[in-house]
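Student: Got a predicted structure here, sequence first:
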Amino acid sequence: MNLKRYLLIRMTLLGLLCWAAVSVYVIASAGQRANAELAEHADLLALRMEIDIARQMTAVVAGHRFPELARVAAQFPDRLCIQYRAADGQSDEIGCDGEDEAQPEAPRWLLTVIVALSPAQPTLERTVRLWGAPAGVASFTPDPIRLHNAQWHSVRALLSLAAVTVLALDGLAVWVVGHALRPAGQIVAALDQLETRSAEIKLPAYYVSEFRQIAQGVQRLAERLAKTAAARDLLTTKLIRLQEDERRELTHALHEEVGQCVTALAAHSTSLRFRLASAETLTVADLEPLDSTLEYTQQALRSLLLRLRPPAFEQQGLVSALRDLVTGWRARLRGQPQLALEADQAALDDIGGDQALCVYRIVQECLSNIARHASDGRSATVAVQRVEHGIETWISNDHGASAPCAAGSGLGLRLLAERVRALGGSFEVSASSGAFSVRARLPLAI
């Protein structure tokens, strides 16, 4: 449901509620006003009876002491039941026989409501006097059906007025709301343009402050999305370049290390074959070059496999894999800088899956950066600890004589940051004149 229809329904319901409240007031006030008018007419009719009786007593031919009730009833605009009891016990009445009884015009349910809301219609009694002495008692009872019909006419007229008013207000609301919400369509169209990564979204300065703030927010969002898209494109380009560099490095490693080892093995094998063909006697020392070459080949292959394939954390455990990684880098760095690993095996070995692999890659990348940029440093520390609902990894090293790197300037660190954030963690890089540190925190399932 759109806002325009929602407001129309609410305004219509509010108009009907106001009509119902005013109708209740009209019905109640009409009953009270009818009672007040009845009391005034009762006084006037009683006075009329006194005049009529006095006229009869002073006539040339004196009649009985009964007023002419037909003449008295004609003084009241509506049908009225009038009863008169003389002092001698005689009585007379008019309009009480039920003839010409009015029929209710309102619906039955509404008539029930009108009766419930209207005040009770009392029978009024007035003493009729003749020269100061009581001559009889007159009672006046109104016709409730005629009163209820009159109330129904008032409510119906009010309903017509309310219907016209509500329709006029609804039409005005359609125009006003449609005109006021026109900026919403422009803002939605601007949001649709964000799919094209366009930062050139120009929205006018709206008069309404709320729409103006929304438009400014959409503009800022478009600019951020454009910057994010540009950074992502740049990161994708660098990632492709990094993959090509890794392939080139892998090819170089296979050629320089494994390829040379295979060539050496082939040369040793050919030499041994010629010596056997010439019936020379071979000793264990003649096989030692072959064994050492095979051992070096195995170490080179193991190093490449560790770089390409993550360890099996389920069998080895995270701390054991980190120890092997640090040990391998200690051998490659030859003690400069000194590597220290701080990790509690009992607290960390139950961690596996994406979190364990992410921690391993963080340490691997940071040690690789230390080897490239701070190989002349004195010390480097790798600390992995379990914290509340998470695991924290901290790698720090000093610069030595080399120039400090800018925080987060490397592509590898940016990829690590994206990897950590993808797992719902936080990644921080800090650099100072004396040290460089990386801190990552990953959440763990509770």
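Tutor: Looks like it came in fine. Numbers count the residues shown, from 1 in each chain.
Student: any chance you could map the strands in the chain?
Tutor: Along the chain, the segments classed as strands by DSSP state E run 80-86, 91-94, 124-130, 133-142, 338-343, 379-387, 390-398, 426-431, 435-443.
Student: CSV for the ones you listed, including mean pLDDT, mean neighbour count and distance to S320?
Tutor: Where you see a C-beta, it was placed from the backbone N, CA and C, and this is true even at glycine. Rendered in CSV, the data for these read as follows (pLDDT from 0 to 100; neighbours: other CB atoms under 10 Å; distance: least, CB to CB, whole Å):
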stretch, mean pLDDT, mean neighbour count, distance to S320
strand 80-86, 83, 19, 110
strand 91-94, 83, 14, 116
strand 124-130, 84, 17, 108
strand 133-142, 84, 18, 104
strand 338-343, 89, 16, 10
strand 379-387, 90, 18, 12
strand 390-398, 90, 20, 16
strand 426-431, 90, 16, 25
strand 435-443, 91, 20, 19
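Student: of all the ones you listed, which lies closest to L265?
Tutor: In this view, those are compared for proximity to L265 by CB to CB, and strand 338-343 is the closest at 32.7 Å.
Student: May I have the strands that pair with the closest one, each with its orientation?
Tutor: Strand pairing for strand 338-343, using DSSP bridges, gives strand 379-387 (parallel).
Student: And the partner strand, how far out from the chain middle?
Tutor: 41 Å (CA atoms, centre = their mean, to the nearest Å).
Student: Identify the residues contacting it?
Tutor: 318-319, 322, 326, 337-344, 347-348, 351, 359, 363, 366-367, 370, 374, 391-398, 441 (CB atoms under 8 Å, 6 or more residues apart in numbering).
Student: neighbours of R414, just the number please.
Tutor: Counted with other CB atoms under 10 Å, the neighbours of R414 add up to 18.
Student: H373 now?
Tutor: Neighbours of H373 (other CB under 10 Å): 18.
Student: circling back: would you list the strands of the chain in a markdown table and tack on distance to A20?
Tutor: Rendered in a markdown table, the data for these read as follows (distance: least, CB to CB, whole Å):
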| stretch | distance to A20 |
| --- | --- |
| strand 80-86 | 31 |
| strand 91-94 | 39 |
| strand 124-130 | 32 |
| strand 133-142 | 26 |
| strand 338-343 | 75 |
| strand 379-387 | 64 |
| strand 390-398 | 61 |
| strand 426-431 | 59 |
| strand 435-443 | 57 |
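Student: Kindly state which of those is positioned closest to D192.
Tutor: For these, proximity to D192 was assessed by CB to CB; strand 426-431 is nearest, at 33.4 Å.
Student: Alpha carbons only: can I get that closest one in PDB?
Tutor: In PDB, the C-alpha atoms belonging to strand 426-431 read as follows (Å, rounded to 0.1, in the frame of the first residue of the first chain):
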ATOM      1  CA  SER A 426      38.500  -6.700  12.300                       C
ATOM      2  CA  PHE A 427      41.900  -5.900  10.800                       C
ATOM      3  CA  GLU A 428      44.400  -3.200  11.900                       C
ATOM      4  CA  VAL A 429      47.800  -2.200  10.600                       C
ATOM      5  CA  SER A 430      50.000   0.200  12.400                       C
ATOM      6  CA  ALA A 431      53.400   1.500  11.500                       C
END
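Student: Just want the angle from that strand to strand 390-398.
Tutor: Interaxial angle, strand 426-431 versus strand 390-398 (axes from the mean of the first three to the mean of the last three CA atoms, to 10 degrees): 10 degrees.
Student: List the pairing partners of strand 426-431 within its sheet, with orientation.
Tutor: According to DSSP bridges, strand 426-431 has these partners: strand 435-443 (antiparallel).
Student: on that earlier part again, can you check which of the strands of the chain gets nearest to I51?
Tutor: For I51, the closest of these is strand 124-130, at 10.1 Å, according to CB to CB.
Student: what helices or strands is the closest one leaning on?
Tutor: Helices and strands in packing contact with strand 124-130 are listed as helix 3-57, strand 133-142; criterion 3 or more CB pairs under 8 Å, 6 or more residues apart in numbering; DSSP states H and E.
Student: which stretch in those is the model least sure about?
Tutor: Per-segment confidence across the helices and strands packed on strand 124-130 bottoms out at helix 3-57, which has a mean of 77 in mean pLDDT.
Student: now the angle from that one to strand 124-130?
Tutor: Between helix 3-57 and strand 124-130, the angle comes out at 20 degrees (the same axes, to 10 degrees).
Student: any idea of the angle helix 3-57 forms with strand 133-142?
Tutor: Using the same axes, to 10 degrees, helix 3-57 lies at 150 degrees relative to strand 133-142.
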